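**Q** I would like the atomic coordinates for the input below:
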Amino acid sequence: MKTLNKQICELLKQRKEISSNNPGYPKFEYIEKWAISFDLYEDYLKSVFHVLRNEEHYKPIVEPIGFRKNVPILKFKEQEEFFYTVTSMRQYSNASVITFNIDWVVVSDQSLKSNKTKHFELYLGETYHCRMDSGGGSSGHLSFNYVVSPALPDDISGMDFVFNEFNSPFKDTSTGNEIVFRIG
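**A** Numbering: from 1, shown residues only. The predicted model follows:
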């Protein structure tokens, strides 16, 4: 069993590399065929592929500790009917917390498109791990907090804060919407 388990780990690594760490989820028709071919339960395979969908969900979570200070950022972008802002950065000894807001004007039924849940991922380069920690909103407003580790420098001049929108929290499909804040 040890050799077989090692081979499974090797295949997982290969799957991760080939997919650039975003393997997605196989079509149900493939899973159905594989279940028959390999004499496995279809729901079992669905469960396995659900777990394999994105390794990022299993990365150890860094909780900010040792608050040091607040740093104002106050950058905005307007795109179509949306007003995007990065307001501030809370500095901790081991991490930073970035606040990202989305606002729009609510007008009758037209707002239904705007009210759909938005899933944005923050990217700050290979050095930093970013995860959406909390978020919520109301009619015309959404607010999200992202934990960044290791902590960003107090002076973030020259950095790009890139927010990419996805159709779901699993990052399966990008909407192509990218909001970039260049910190001057």
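
**Q** go through the protein and flag its longest helix.
**A** Longest helix in the chain by number of residues, with DSSP state H as the criterion: helix 2-18.

**Q** run through who's touching that helix.
**A** Defining contact as C-beta atoms under 8 Å, 6 or more residues apart in numbering, one finds that helix 2-18 is touched by Pro23, Leu52, Glu55. (Each C-beta comes from the backbone N, C-alpha and C, glycine too.)

**Q** which positions in the helix or strand just after it come out as buried?
**A** On the C-terminal side of helix 2-18, the closest following helix or strand by DSSP states H and E is helix 28-37. Judged by neighbour count using 16 or more other C-beta atoms under 10 Å, the buried positions of helix 28-37 are Ile31, Ala35.

**Q** CA atoms only: put helix 28-37 into PDB for me.
**A** The C-alpha atoms that make up helix 28-37 are tabulated as PDB, following Å, rounded to 0.1, in the frame of the first residue of the first chain:
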ATOM      1  CA  PHE A  28     -20.200  14.400 -14.500                       C
ATOM      2  CA  GLU A  29     -20.300  12.200 -17.700                       C
ATOM      3  CA  TYR A  30     -16.500  11.400 -17.200                       C
ATOM      4  CA  ILE A  31     -17.000  10.600 -13.500                       C
ATOM      5  CA  GLU A  32     -19.900   8.300 -14.400                       C
ATOM      6  CA  LYS A  33     -17.800   6.500 -17.000                       C
ATOM      7  CA  TRP A  34     -14.800   6.200 -14.600                       C
ATOM      8  CA  ALA A  35     -17.100   4.800 -11.900                       C
ATOM      9  CA  ILE A  36     -18.200   2.000 -14.200                       C
ATOM     10  CA  SER A  37     -14.700   1.400 -15.600                       C
END
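
**Q** now do that helix: which elements does it pack against?
**A** Using 3 or more C-beta pairs under 8 Å, 6 or more residues apart in numbering; DSSP states H and E, the elements in contact with helix 28-37 are helix 42-52.

**Q** report the distance from the helix it packs on to the chain centre.
**A** The gap between the average C-alpha position of helix 42-52 and the chain average comes to 22 Å, counting by C-alpha atoms, centre = their mean, to the nearest Å.

**Q** show me the contacts for the residue most central in space within the chain.
**A** Nearest to the mean C-alpha position of the chain, by C-alpha atoms, centre = their mean, lies Glu121 at 3.6 Å. Remark: with contacts taken as C-beta under 8 Å, 6+ apart, Glu121 is in contact with Cys130, Met132, Phe163, Asn164, Phe166, Lys171.
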